[in-house]
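Chemist: I would like to see how this sequence folds:
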Amino acid sequence: MAGFWSGLASTLRGLEALAADSRRLDEDSVDALRLFQYRLHWASEALAGVVPPAGTRELHDELADALVGAREWTGDIAAALERYGRGGADELLLGWRGALFRVRLARMRLAGPSTDASAETFSRSAALATAFTVLGVAAFTAGAMIVAWPLWAAGLALVAGGTLLYRTPRV
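Modeler: Predicted coordinates:
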C-alpha cells in the first residue's frame, strides 16, 4: 500500500499543479493529462483489489468513487483541450478542481486523525502563551491607567514571554 499512497500523492500533486494555473492547460498538456488519467485509473484498480480494514468500508468506497470521478473529470478536461483548446476547458475547470479535492478529502478521511504527539504539546504551549499574553495585556492596561510603571513593565514582560513560549508546529 505504500507504493499506492506515494503514487497517488505524486499524481494528485501533478494534477493540482495543472488545475491551479489554467494558463498551463493547453494542447501541449493533453499528453500529461492522459498519463495522469491512466494513473488515476491504476489507483482505482489497485484500490479495488484491497480488502479494507474493519470499519473502513464506507471510507474505502468514498475514495474509490472519488478516484473514478477525478479520472472522468481529467479525461473531460483533456478531451475539451483537444477539441476546443484552452477556452473549452475553462468551463470544466471548477468541477475538475472539485473532483481533485474530493480525492484529497477522501484520502485524508481514510488516513484518520493524526496521532502525532506534537499536537498535544502544541495545545499546551499555545494555551500557556495565550494566558501570558492575556495577563500581560491586563497588567499593561492597569499599569497605564493607574500610572504605575512597574505594573506596566511587568505587563510588557508577560506579553513578550507569551510570544517566546509559543512555537509554531513543524509541518
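Chemist: what sits against Gln37?
Modeler: Contact analysis of Gln37 by CB atoms under 8 Å, 6 or more residues apart in numbering lists 71, 74-75, 78. Quick note: C-beta positions are derived from backbone N, CA and C, even for glycine.
Chemist: which two of those have the greatest separation?
Modeler: Arg71 and Ala78 (10.7 Å; CB to CB).
Chemist: ignoring the adjacent residues along the chain, who's closest to Ala148?
Modeler: In space, and not counting its chain neighbours, Ala148 is closest to Ala142: 7.7 Å by CB to CB, 6 or more residues apart in numbering.
Chemist: quick one: the one you found from Pro150, how far?
Modeler: With distances taken as CB to CB, to the nearest Å, Ala142 is found 11 Å from Pro150.
Chemist: what's the answer for Glu82, then?
Modeler: Noted for Glu82: a distance of 75 Å to Pro150, by CB to CB.
Chemist: for Leu94, same thing?
Modeler: Counting by CB to CB, the gap from Leu94 to Pro150 is 59 Å.
Chemist: ok, the residue nearest the centre of the chain to Ala111 distance?
Modeler: Compute the mean C-alpha point of the chain, and by CA atoms, centre = their mean the closest residue is Arg104, 7.5 Å away. Distance, Arg104 to Ala111, using CB to CB: 11 Å.
Chemist: kindly report the same for Leu33.
Modeler: 26 Å.
Chemist: looking at those two, which one has more neighbours?
Modeler: Set side by side, Leu33 and Ala111 show more neighbours around Leu33, with 23 against 10, by other CB atoms under 10 Å.
Chemist: tell me which residues touch that one, please.
Modeler: Contacts of Leu33 by CB under 8 Å, 6+ apart are 18, 74-75, 77-78, 81.
Chemist: state the distance from it to Leu165.
Modeler: For Leu33 relative to Leu165 (CB to CB), the value is 48 Å.
Chemist: where does this protein have low pLDDT?
Modeler: 1-3, 113-123, 167-171 (pLDDT under 70).
Chemist: how about 80 then?
Modeler: Residues of the chain that meet the criterion pLDDT under 80 lie in 1-7, 22, 49-53, 55-56, 86, 88, 111-125, 165-171.
Chemist: care to break it down by domain?
Modeler: 2-111, 118-165 (automatic domain parsing).
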